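[1] Sharing a model that was predicted from the sequence below.
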Amino acid sequence: RRKRSRRGNMAAGASFIGSAKCWRKLHCILAAAGKNSNRVSGAVTSWRRQCSSHSEQVPSKPDMPEPMDNPYKEPPKKCILCTIHVDYKNVQLLSQFISPYTGHILGMRMTGLCPKKQKELSRAIKRAQSQGFMPVTYKDPTFLSDPKICNIKYPE
């Protein structure tokens, strides 16, 4: 069996002459000879055809896209209690975060509080309930008509 060369049945010299590397090398050699020689410029001509409009093109700034904010990004949620001190004696504030039907403490998803204030709020509610400031099993009826601090929707 005869081994085939990498480039098929073509002779090595013929494939080298037709390759792109050869033409690049030839172009570099001709360009270097034109710069180094004392001949008049233009005596050595390049094998490539020069495009007149190519040298005049300048990238224009107005065509570039302008950076902008993501229009689908939701604004960051802010905790409503971050500026307020939560105290176990402020029963009216604490009752806003209790379910009116069961007396359970509402979760972070419903109240929209940050984890630090939610923990502080739940500790204050438990402390107020254990000391008798708040009822445990229901919401105090005097605070049922208070305006809602957070956007909680109850079925009516």
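    Now that the structure is in, tell me what you want to look at. For clarity, every value in this text was computed on a predicted model and none was experimentally measured. Numbering: from 1, shown residues only.
[2] quick check, Pro75 in a helix?
    No: assigned with DSSP: H, G, I helix; E, B strand; the rest coil, Pro75 falls outside any helix and is coil.
[3] pLDDT score for it?
    We note a pLDDT of 82 for Pro75 in this prediction.
[4] Report how many residues lie close to it.
    As a burial measure, the neighbour count of Pro75 was computed by other Cβ atoms under 10 Å and equals 5. No exception for glycine: its C-beta is placed from N, CA and C like everyone else's.
[5] Equivalent analysis for Lys77, please.
    That count, for Lys77 with other Cβ under 10 Å as the rule, works out to 9.
[6] what's the answer for Tyr88, then?
    In terms of burial, Tyr88 registers 18 neighbours under the definition other Cβ under 10 Å.
[7] Quick check: it touching Glu120?
    No: between Tyr88 and Glu120 there is no contact under Cβ atoms under 8 Å: 10.1 Å.
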